[in-house]
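Asks: below: sequence and its predicted model.
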Amino acid sequence: MGTSVPVPTGKMRNIGIIAHIDAGKTTITERILYYSGRSHKMGEVHDGEAVMDWMPDEQERGITITSAVTTCRWGDAEIHIIDTPGHVDFTIEVERSLRVLDGAIGVFCAVGGVEPQSETVWHQADKYRVPKIAFVNKLDRAGADFFETVQMMRDRLGANPLLMQIPVGSEASFEGIIDLVHMKQLIWEEATLGATFEVTDISEDSTENAWEHRNTLVETVAEFDDQIMEAYLAEAPVTPEMLVPSIRKATIGLKLVPVFCGAALRNRGIQPLLDGIVDFLPSPLDIPPVEGVDPHTGKAKKSPPSDRAPLVALVYKVMMDQGRKLSYARLYSGRLSTGGEVLSPAKETKEKVARILAMHANKRERISEARAGNIVGLIGLKASGTGDTLCDPSNPIVLEPIESYEPVISVAVEPKTRGDQEKIGQALAKLEAEDPTFRVKYDEDTGQTVISGMGELHLEILVSRLKREFRTQVNVGKPQVVYKETIEGRTEAAATFEKDVAGVSHFAQVVLELSPRKRGAGNRFNNALSEELLPAEFVSAVEQGVMESMESGVVLGYPVVDVSVGLIDATYRESDASHLAFKVASSMACKEGLQRGSPRLLEPIVAVEVLVPEDFLGDVIGDINARGGKIQELKSRGATRIIDAIVPLSRTFGYATVLRSATQGRGSFTMRFSHYDRVVGSPATH
């Protein structure tokens, strides 16, 4: 790719593949690479040979952990694909990928339909206003139901699906599709591994059904296009040349979701999906200019997707690669050359780009320049991390950072030998730089290093990487949940700080009012005093003292959340008022207020969806109740019952093994973090 002619920005597609775990995202990506000529062999996830799942942990477990980037050509278009994880523990990988993508393919299993993690990633894409097309996969599997899955997209996702195709045959007899835009039948040939397919007229027994769906397609598109509406009402023919641009416009405008179908593992349906990516998903020119703020004036600023505009890029991911820092960046505007100097306004530093790499999973190719719309790897950035903007030093702009998630589970790790002691600290620092949802903390009281993450699997993989990549041997403790603290009562507290420090007198007196906020609202500081009563410099000291004291609560020292703290009175003497005095006094008052305000411990609650055969329903519900869970809803899907419940995270450790043995291996479950709630019987400290 380094030597090939650059593709015009209008011919680029930056897309992600998003879905629930095991819907077939990686398999679809492998087929795309094969049919577009990027790979000469199809890698299979179940053989541990998928190009995109290149980490040893991914190959062993058959799941995607890290979002890999690759590039391929289809016709005259260049497609950059990010294959994202489906497991809830790696939601941050999806979040940061969606932040830099222009379009997405939502993949759904025709048997499982719209599953919980599909909902999560779909709504993440909605948050970033990412246009989407859908691919209903695994139509060859027993129990596959294309139309039921499309209905679930309407019901569960609030989407407006537009059928571009309907399947020919179902389950074991699934052999191809009917293209409703061109009204042709496509049947794939087994002998060529799906590389070729036969295009024929629609068979007689399917013609009536196909025309019904074609009319629905035209009716739906006509709602968004006057020309098609006129042709439809006049009963004039509506040609593919009329439909394609109109569907593209409605898709990019987030009004429609074109739906394709196939069976990726049996090599059916991929080429029309590639056509759909090019026809319906946006190029960087189709999306609004990226918005940010000028760090000097705080005013909003836009940057158009043009090579001629000043450079604006976003670092969306950092990886340690053979000891060097590799930063993944999306260029929104301008150009970036090897050796070029860029400004990182958030870090207030200038950085030099030593190398620019075109990425193909874990293989890469050096290129001399990247342009607006490109997603590339950069080597040489020292200070910039995930979510940081890179821009032209003469045109500073800061883009909105990438939202992160708070970890909910911790384990203690300790080195097995003295030789591992030093290595473990460096290794953990590198892993922490890569992953914004991973935290490392040294516990002074116990002398242990505590690592925190998004779930058991997340921490398991990080520990595996410690051993495998960094060759450090560690002992790992039992998982512990990360609790929070809050208060349930409104209270006032006062404190005075009066002391001589190194011969200088310090004095401050503050009165704070503390009150609980609704769950998930976060902490807030309010100042009710005028500048005459307390100058602004001391108000900022009070806020600093309050926020620092809420980093560890009064019940068990966990962070305090959902509390509003108001500064309602203060006394200061001009002669000995100081920043230090007000910071310490407010910290003391805040701790006092937390003690008095009916402090409570909060624990993470997870939303669990359990799929279980009817015969085992009673046992599984009994077990959920025994774990302190609450059943929210019971549903049926064929012979399978679906239990939606919320359960304290601390009671879910090892649940996979329990469920397997209770259902003879036939039950499965998924869970995701829902919210923090009061621990039943949580102690007040007074």
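Replies: Received the coordinates, thanks. Numbering: from 1, shown residues only.

Asks: now do the spatially most distant residue from the centre of the chain against A346, distance only.
Replies: In the chain, the residue that sits farthest from the middle, by C-alpha atoms, centre = their mean, is G503; the gap is 53.6 Å. According to C-beta to C-beta, to the nearest Å, G503 and A346 sit 40 Å apart. Heads up, the C-betas are built off the backbone N, CA and C, glycines and all.

Asks: now do G75
Replies: On the measure of C-beta to C-beta, G75 and A346 end up 39 Å apart.

Asks: over to Q544?
Replies: Using C-beta to C-beta, Q544 is found at 20 Å from A346.

Asks: ok, N526 - how many residues close by?
Replies: 11 (other C-beta atoms under 10 Å).

Asks: and the closest residue to it other than its chain neighbours, helix, strand or coil?
Replies: Take N526 and drop its neighbours on the chain: the residue closest to it by C-beta to C-beta, 6 or more residues apart in numbering is G566, 4.4 Å away. Following DSSP: H, G, I helix; E, B strand; the rest coil, the label given to G566 is strand.

Asks: what count of nearby residues applies to G566?
Replies: 17.

Asks: all strands for the stretch 1-150 of the chain, in order.
Replies: Using DSSP state E, counting those that start in this stretch, the strands of the stretch 1-150 of the chain run over 12-19, 68-74, 77-83, 103-109, 132-137.

Asks: helices along the stretch 401-550 of the chain, start to end?
Replies: 418-434, 456-468, 536-549 (DSSP state H, counting those that start in this stretch).

Asks: tell me what the second one is packed against?
Replies: Think helix 456-468. Packing partners of helix 456-468 (3 or more C-beta pairs under 8 Å, 6 or more residues apart in numbering; DSSP states H and E): helix 56-61, strand 409-415, helix 418-434, strand 448-453, strand 474-476.

Asks: and stretch 670-683, what's buried?
Replies: T670, M671, R672, F673, Y676, V679, S682 (16 or more other C-beta atoms under 10 Å).

Asks: try stretch 572-585
Replies: Buried, per 16+ other C-beta under 10 Å, within stretch 572-585: Y572, A577, S578, H579, L580, A581, F582, K583, V584, A585.

Asks: what about K352, neighbour count?
Replies: Neighbours of K352 (other C-beta under 10 Å): 12.

Asks: to clarify, my last question referred to L162.
Replies: The number of residues near L162, taken as other C-beta under 10 Å, comes to 22.

Asks: which non-adjacent residue is nearest it?
Replies: Once chain neighbours are set aside, the closest to L162 by C-beta to C-beta, 6+ apart is L256, at 4.6 Å.

Asks: go on, K518?
Replies: K518 sits nearest to D562 (C-beta to C-beta, 6+ apart), 6.9 Å away.

Asks: packing partners for the helix or strand where V199 lies?
Replies: Per DSSP states H and E: V199 is located in strand 197-200. Applying 3+ C-beta pairs under 8 Å, 6+ apart, we find strand 197-200 packed against strand 184-188.

Asks: ok now the strand it packs on, how far from the chain's centre?
Replies: For strand 184-188, the separation from the chain centroid amounts to 36 Å (computed by C-alpha atoms, centre = their mean, to the nearest Å).

Asks: repeat that for stretch 104-115.
Replies: Mean-position distance between stretch 104-115 and its chain equals 17 Å (C-alpha atoms, centre = their mean).

Asks: please work out the average pLDDT along that stretch.
Replies: Here stretch 104-115 scores 88 as its mean pLDDT.

Asks: which stretches of the stretch 1-150 of the chain have low pLDDT?
Replies: By pLDDT under 70, the weakly predicted segments of the stretch 1-150 of the chain are 1-5, 21-22, 38-68, 83-96, 116-117.

Asks: buried sites along stretch 312-327?
Replies: Going by 16+ other C-beta under 10 Å, stretch 312-327 has these buried residues: V312, A313, L314, V315, Y316, K317, V318, M319, M320, K325, L326, S327.

Asks: now for these: which two are most distant?
Replies: V312 and M320 (25.8 Å; C-beta to C-beta).

Asks: quick one: which of the helices and strands packed on helix 456-468 has the weakest pLDDT on average?
Replies: helix 56-61 (a mean of 43).

Asks: does A329 have beta-bridge partners, and which?
Replies: Counting by DSSP bridges, A329 is bridged to V315, V376.

Asks: ok, it - contacts?
Replies: Residues in contact with A329 (C-beta atoms under 8 Å, 6 or more residues apart in numbering) are A313, L314, V315, Y316, I375, V376, G377, L378, L390.

Asks: lowest-confidence one in the residues you listed?
Replies: Ranking the contacts of A329 by pLDDT, Y316 lands last with 83.

Asks: list the contacts of that one.
Replies: R96, S97, R99, V100, Y328, A329, R330, T386, G387, I402.

Asks: select from these the one having the most neighbours.
Replies: S97 (32 neighbours).

Asks: so it sits right up against G16, yeah?
Replies: Yes. Counting by C-beta atoms under 8 Å, S97 sits close enough to G16 to count as a contact (5.0 Å).

Asks: and the residue farthest from the centre of the chain, what's its pLDDT?
Replies: The model reports G503 with a pLDDT of 83.

Asks: also H579?
Replies: So, for H579, pLDDT stands at 91.

Asks: again, but for L529
Replies: L529 is assigned a predicted lDDT (pLDDT) of 90.

Asks: and it, how many neighbours?
Replies: Quick note: L529 (other C-beta under 10 Å) scores 18 neighbours.

Asks: same check on P516?
Replies: Neighbours around P516, by other C-beta under 10 Å: 18.

Asks: distance of it from I568?
Replies: 17 Å.
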